[in-house]
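Undergrad: fold the stuff below for me.
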Amino acid sequence: MASLNSNLLYEAIDLAVAMKREYIQTLPYDYELQPYDRCFWELVRPDDLCYLALSSAHCFRMVAYLLKSYATHASVIDGIFEGRASTVRRTIAVVRFTRHYYIPSLVKLAGRFCHSIQFDYDRRDVFYKAAYMPDFMDGLITNKKYYSIALTLVQPHLDVYPYHASEQTHSAIRKMTRKMRRCHLKLSLKYVTNNGIVRFLVVNNFEGPISKDSFKFLENLKVENLFVMPDTFEGRRDKFTVIFDIFYHNKPATEYMNHFRCDYNTNANVVMLMLKRYRIQKMSFPHARIPDAKTPLANKIQTLRQTVDSLWQAVEKHPTMAVYVYCTSAQVVRDIAWVNAVNTIYNTMQDFHITQKTYYITCLMEKHHGAKKLVLKVVFYDYMYFNAIDPYTRSTMMANFLA
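TA: Purely as a prediction, here's the structure:
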C-alpha cells in the first residue's frame, strides 16, 4: 500500500463513481432503491469508514478525495451525518458519520466542499449530541461555494451550541431569533461559542423584497463570520438586488467580525461604499453587479471603465488583507450597428480577454494584489437580436451572462 500511486487511486475512484452513476441511470424511474443501491460502497458505514481512513495515509487521502470531489450534498438526519454524491435522478451516500464514529478533519472537509445542506431531526436532543457539528461548522466558514440550506419547518432557525453552554447564552440567542422573525427572516443557522459570541451565522430567505429594516437584528451583534445568502430553491437571487449598505443603522460589532460575505446581487456602488466604511478582516461579494448604463456605446464603455477603476481602488485600498469581488455586467447595444459595435469594443477594451459569439461579446478581466482579488465579466449584446427571441430563451441567456 505504501508504494501505491495516489493518482491511480483517484482515477479508480472516478471510474467507480461513474459506473455507479451509470447504473443508477439505467434503473426505472419508479424503481424502489434497495439499501445497497443508495450507497456508493459497502464501506459507507461510520465504523468501517473511520477504520479505513485511519489505516494508512493513502486510505485517508482516498476518503478525503471522495469528500472534496463528490460529496456535494451534506445532510444531518437524526444525528447521522451523510455526504452524498449526485446522480441524474437521485443521490448516493459516499460517507457517513455518527457522534461515536467521526474524524474531525474529514468532517471539516465535508463542510468546506459541500454545495447543499439539509438538517432534519425529530428529537432536538439527538441533534445536540452530534459531537461533530462544531467541526462541520468550522468547515462551512471556509466554504467558498454558494451553498443552500434546508431546515425543518418546525425549527427554521437552528442553533448549534458547544457543550455546557450557559442559560444566559441560550437566552441571548433566543432573543436574537425573535428579532430575526420580526425582520421576516425565514431561515438562519447559528453556531455559538461558550461566551455568547456568534462564531458563525448564516441568514437566508427573507419574505418579500429586502430593505434596510430586514437587517435590524444585526445591530450591535457580536458575530465573527456573517454570511447573507438568498434562497436558490426559489431562484430568488436574481429577483432582489442590494442597493443599500446592509450595516447602515444596523451595524454589528465589527471589531469581532472576521468575515462578511453577501451572496445577494449587490450593486457595485454599494460594494465600494461598504469597503470604504468597514474594516473587516475578510469581505466577499461573489455577485456584484454594474447595471446597464442606458447610454450610447462610447459613453457606456467610459462609464464602465470609471466604475471598474473605482471598484479596484476600493478593493486595493481596503485596510485589511483579504477582499474578493466577482462583478458582472450586461450592457445592451442599441445605438449603432452590431458590426460597428464589435469593432468599437475590440478597440477600446484591449486590456480585457475578449470572446466573441454571433450576437454578444464577453470581456473578462482579473486584478490581484496579494489576497485581494477583483474578477470582472462584462457582456455586450445586440438589442435587435435579443429582442426578437422568445422571453424564456432571453431570460436564460441573460442569467448565463451574469453567472
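
Undergrad: use CA for all of it now, contacts and neighbours both
TA: OK.

Undergrad: per-residue pLDDT of residue 257, please?
TA: Note on residue 257: pLDDT of 92.

Undergrad: for residue 122, same thing?
TA: In this model, residue 122 carries a pLDDT of 56.

Undergrad: swap in residue 91?
TA: Confidence score, pLDDT, at residue 91: 84.

Undergrad: now it: how far from residue 172?
TA: For residue 91, the distance to residue 172 equals 38 Å [Cα to Cα, to the nearest Å].

Undergrad: between these two, who's got more neighbours?
TA: Legend: neighbour count by other Cα atoms under 10 Å for residue 91 and residue 172, higher for residue 91 (19 against 12).

Undergrad: so that one bridges to which residues?
TA: Residue 91 has these beta-bridge partners by DSSP bridges: residue 86.

Undergrad: my guess is it contacts residue 75, does it?
TA: No - using Cα atoms under 8 Å, residue 91 makes no contact with residue 75, being 11.3 Å away.

Undergrad: now the common contact residues for those two.
TA: residue 84 (Cα atoms under 8 Å, 6 or more residues apart in numbering).

Undergrad: how near is residue 305 to residue 313?
TA: 12 Å.

Undergrad: after the lowest-mean-pLDDT helix or strand in the chain, next one along is what?
TA: Sorting the helices and strands of the chain by mean pLDDT, DSSP states H and E puts helix 124-128 at the bottom, at a mean of 53. As assigned by DSSP states H and E, the chain's next helix or strand after helix 124-128 is helix 133-141.

Undergrad: packing partners for that following helix?
TA: helix 104-113 (3 or more Cα pairs under 8 Å, 6 or more residues apart in numbering; DSSP states H and E).

Undergrad: after the helix it packs on comes which helix or strand?
TA: Following helix 104-113 toward the C-terminus (DSSP H and E): strand 116-120.

Undergrad: who touches that next one?
TA: For strand 116-120, using Cα under 8 Å, 6+ apart, the contacting residues are 72-78, 147-152.

Undergrad: sticking with residue 255, tell me its helix or strand.
TA: Going by DSSP H and E, residue 255 is not in any helix or strand.

Undergrad: quick one, what contacts it?
TA: residue 280.

Undergrad: for residue 129, give me the pLDDT.
TA: On pLDDT, residue 129 comes in at 57.

Undergrad: correct me, but residue 145 touches residue 113?
TA: Yes - between residue 145 and residue 113 there is a contact at 7.4 Å, judged by Cα under 8 Å.

Undergrad: so for these two, which sits in the more crowded spot?
TA: Using other Cα under 10 Å as the criterion, residue 145 and residue 113 rank with residue 113 on top: 24 against 14.

Undergrad: can you tell me how far the nearest residue to the more buried one once chain neighbours are set aside is from residue 61?
TA: Nearest residue to residue 113 in three dimensions, chain neighbours excluded: residue 68, at 5.6 Å (Cα to Cα, 6 or more residues apart in numbering). Per Cα to Cα, residue 68 is found 10 Å from residue 61.

Undergrad: cool, and residue 75?
TA: For residue 75, the distance to residue 61 - Cα to Cα - is 22 Å.

Undergrad: so for these two, which sits in the more crowded spot?
TA: residue 75 (20 against 16).

Undergrad: in the sheet, who's paired with the nearest residue to that one once chain neighbours are set aside?
TA: Nearest-residue entry for residue 75: residue 118, 4.5 Å, with adjacent residues in sequence omitted and distances by Cα to Cα, 6+ apart. Beta-bridge partners for residue 118, by DSSP bridges, are residue 75, residue 150.

Undergrad: renumber starting at 29 from here on
TA: Let's use 29 as the start, then, which means that last one is residue 146.

Undergrad: could I get the contacting residues of residue 332?
TA: Per Cα under 8 Å, 6+ apart, neighbours of residue 332: 318, 321.
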